[in-house]
Every structure is written in C-alpha cells, then in structure tokens.
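Student: below: sequence and its predicted model.
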Amino acid sequence: MSNSKYKLAQGNEACIEGAIAAGMRFFAGYPITPSTELAELSAKNLPKVGGKFLQMEDELASMAAVIGGSCAGLKSMTATSGPGFSLMQENLGYACLAEIPCVIVNVQRGGPSTGLPTSPSQGDVMQAKWGTHGDHPAIALTPGSVQETYEFIGTAFNLAEKYRTPVVYLMDETIGHMREKLMVKDPSEIEQLHRVKPTCEPKEFVQYDDKFMDEKTMVHPLPAFGTGYRIHITGLTHDKTGFPTNDNEVSGKLVERLCDKVEKNIDDFSYYEEYKLEDAEEAVIAFGGVSRSAKQAVIELRNEGKKVGMFRPITIWPLLEKQIIDLAKKVKRIYVAEMNLGQYFYEVQRVASNYCEVVLISKVTGELITPNEIKQRVNGGK
C-alpha cells in the first residue's frame, strides 16, 4: 500500500523535496531570482537529514564546491538562473572532463545579462549544451509541471550517478513559481541509483583502466576521497592513471568516450510526452512552461475540428532526433513554440525539414506564450 501524501507546492519547493528524496545531501549555491527558494529550502531542510548547505560567495565558487562535495561521495547539486549559469560554465566543463556526477538546476529568466529577473524565459537552451568550451557530454531535462519537477530531479541525479556526468535541470520561472497539487512519494517508491565504486583492493585500482570500465555506460568506478583509493582529479586530458597527458591518441579517445557515453545511450533517457498525435496532421513541439499553453491550444483546436497534436520533449539534450524525425514523417507541419528566438526550433528544423515544414512560434517579452498565440499561428496568422 502506498504511503504517498498530497500537498499544494511550488515548483521550486517540489524540486528540493524531490532532490532530497533522491539522496541529495550537499547543496552549494548563491541566491538569485527566480531560483532563490531552492537555496532557502536546502538550507532549511538538508540539516534535518544529515546533509550540508553552503552559501558561497558567487556561482563560480558554488560550482567548484559542488564538484568537491561530489568527490567526497555525496550526491551534490546547485541552483541558479541565467547570469549565474554563465558564471558556472568553466567549472561545469571541469566536471564534464573529470566525470564528476552533479546536478545543476537553472530556473530560467529573461536575458541576456541581468535581463528580466522576475520573468520567464527559455533562453538558456543552447547554453545548457554548448555553454562550456570544447566537445563534451550534455544531458539536460526540462519538467512541465510541479509533479514532474519533483519526479525528474530524481531522474537527473540517477543519470548523473550512472554516467558520471553533470546533468542540467532546465526549469523556467513559470514552472518554478507556479503552485499545483504534488504527490510526495513514500521513500520506498523512489528509485535511487548510485555511482559505481571499486570493489578491488586499493593497491590494485587504476583510476581509468579499461578493465574496470562498464562496457555499456563507458564509465569507470569512482571512489570517494578518503576511502583509501588513490585518485587524481584534473581538468587536463589524462591517461588511465588520472594524470595529465599530451598524448594525441589518448586525448582523442578520452573526449570521444565522454561524448559517446551519453550519445550512444540516449535510449536510456529519452523522455517525452505525445498528446493527440495518433491522427494529427500538424504538431506543436513545446517544453517546460510553454507546453502547458500548447496543450490547451491543441484541445481548443481539436474542438474546432483541426487535427493537431503536441510533442513535448522532457529530454532536451541530447536532441530526440529519432522521435522528431518519426513525427515529421507523419505530419505536414511542425510548430516549435518556445520563449526564445528559436534555439530549439533550429535543431528541430535541422532534422525535420526534409520531411515537413517547420514553423517557429517565439516570444521574448518576459511573458508566457499563450494558447491563443499558438492557435493564431496554427490558424494561419502571424
């Protein structure tokens, strides 16, 4: 029998509640609108479960502290918004190369720069994939409700632990500050994955030796600092011992493995929703807060006799190419609705334009795209 409980909760509140339920025990951050509640609630609730909260001097230090917390063996996260996310990019790249599991929540607001601090946006979609320099893995999830915010933050931690990589959790101000009914699950119902740790004797352990690598996930065991195993963490390309190397072949294979472990396992985390697509002639692609307007628009367009459906990616990165191509082959037109000037649209257009027309519905005024605005475009308006 389930011991789940129901409550009225804000999206940011649900995110922290889900993170703690998923095993998060270290949070380092710097308050910034519209993500401040994540820091406040971490400070309040982590000590109750034996966790630690650190308010750092800025977002650079916050990301560095999260890396340290994870290296110490704790499930670690931070939360920010656009300006802070920009400051985290250097250490985010460090975590990618050093393969440090962690979760970065970005409650998006209007930009660039200080922008619109209290208004919703989806302007950090591309930054979530390409914000840090070099070729690197990128997993980013975006929830579409308070309930999903609670549930998929646990998924983000599981993916970070399983693939030894940072995972970006892209929310927006709409989702972060809205309030809905939340089902808080019993702890026994929550799946928790943990990083693989070495089982050999410490003297036998070689940090990146392929004999210790999992062939499917392409990751190596990660012992915590202070457990007797010798490990070396660096942002330089490194050999199997963990120490820096300039060897061209070793460096190339390292970067390829980092990307392959995500790209080649995307079927493991291809999360999405399909709504009214069975007989659809046109489709709206939307995510996060905009998906709520898109679903309402589809309902109203269906009532008008139009065969329209919705595809909602929850996995934003890597791009769900297979699912988008399959959709493009079935419909004559895809509308991509997002609160930016086309960051996801251009990716959809890249993979779908050989099969159907792709149309952008964008808005960067600091307001949520409305159902009527989507309906107007589908009905042939501008």
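Tutor: Nice, thanks for sending it over.
Student: now the longest strand belonging to the chain, how far from the chain's geometric center?
Tutor: In the chain, taking DSSP state E as the definition, the longest strand is strand 102-110. Counting by CA atoms, centre = their mean, to the nearest Å, strand 102-110 is centred 8 Å from the centre of its parent chain.
Student: so which bits of the following helix or strand past it are buried?
Tutor: Per DSSP states H and E, the first helix or strand lying C-terminal to strand 102-110 is strand 116-120. Judged by neighbour count using 16 or more other CB atoms under 10 Å, the buried positions of strand 116-120 are Leu116, Pro117, Ser119, Pro120. Any C-beta I mention is one placed from the backbone N, CA and C, and that applies to glycine too.
Student: need these in TSV with distance to Val184 and pLDDT, can you?
Tutor: Putting the buried residues of strand 116-120 into TSV (distance: CB to CB, whole Å; pLDDT from 0 to 100) gives the following:
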residue	distance to Val184	pLDDT
Leu116	32	96
Pro117	30	97
Ser119	29	97
Pro120	25	97
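Student: state the pair within those that is farthest apart.
Tutor: Of all pairs drawn from these, the greatest distance, 11.1 Å, lies between Pro117 and Pro120 (CB to CB).
Student: joint contacts of those two?
Tutor: Residues touching both Pro117 and Pro120 (CB atoms under 8 Å, 6 or more residues apart in numbering): Arg109, Gly110.
Student: which regions of the protein lie under the pLDDT threshold?
Tutor: Low-confidence segments of the chain, defined by pLDDT under 70: 1-2, 381-382.
Student: tell me where the stretch 1-150 of the chain has strands.
Tutor: Per DSSP state E, counting those that start in this stretch, the stretch 1-150 of the chain carries strands over the ranges 5-10, 24-29, 52-55, 75-80, 102-110, 116-120, 139-141.
Student: sorry, wrong one. I was asking about the stretch 151-300 of the chain.
Tutor: Under DSSP E, counting those that start in this stretch, the stretch 151-300 of the chain gives strands at 166-172, 179-184, 272-275, 282-285.
Student: what packs against the longest one?
Tutor: Identification of packing neighbours for strand 166-172 by 3 or more CB pairs under 8 Å, 6 or more residues apart in numbering; DSSP states H and E yields helix 11-21, helix 82-98, strand 102-110, helix 125-130, strand 139-141, helix 146-163, helix 288-303.
Student: tell me which of the ones you listed sits nearest to Lys48.
Tutor: helix 11-21 (8.7 Å).
Student: centre of the chain versus that closest one, how much separation?
Tutor: 14 Å.
Student: skip the chain neighbours and tell me the closest residue to Gly51.
Tutor: Counting by CB to CB, 6 or more residues apart in numbering, Arg25 is the residue found nearest to Gly51 once chain neighbours are left out, at 3.9 Å.
Student: my bad, Gly144
Tutor: Ser291 (4.6 Å).
Student: okay, now that neighbour: neighbour count?
Tutor: By the criterion of other CB atoms under 10 Å, Ser291 has 27 neighbours.
Student: tell me the contacts of it?
Tutor: Ser291 neighbours (CB under 8 Å, 6+ apart): Gly144, Glu273, Met310, Arg312.
Student: phi, psi of the first one?
Tutor: Looking back up the chat, that one is Gly144. Dihedral angles phi and psi of Gly144 (degrees, to the nearest 10) take the values phi -120, psi 10.
Student: that one contacts Arg312, correct?
Tutor: Yes: using CB atoms under 8 Å, Gly144 is in contact with Arg312, at 6.1 Å.
Student: joint contacts of the two?
Tutor: With CB under 8 Å, 6+ apart, Gly144 and Arg312 have common neighbours Glu273, Phe287, Ser291.
Student: what's the most buried one of the strands of the stretch 151-300 of the chain?
Tutor: Stretch with highest mean neighbour count among the strands of the stretch 151-300 of the chain: strand 166-172 (a mean of 28; mean count of other CB atoms under 10 Å).
Student: dump the C-alpha coordinates for that strand into PDB.
Tutor: Below are the C-alpha coordinates for strand 166-172, written out as PDB (Å, rounded to 0.1, in the frame of the first residue of the first chain):
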ATOM      1  CA  PRO A 166      26.900  16.800 -14.800                       C
ATOM      2  CA  VAL A 167      23.100  17.000 -15.600                       C
ATOM      3  CA  VAL A 168      21.400  20.300 -16.200                       C
ATOM      4  CA  TYR A 169      17.900  20.600 -15.000                       C
ATOM      5  CA  LEU A 170      16.200  23.400 -17.100                       C
ATOM      6  CA  MET A 171      13.200  24.900 -15.400                       C
ATOM      7  CA  ASP A 172      11.700  28.300 -16.100                       C
END
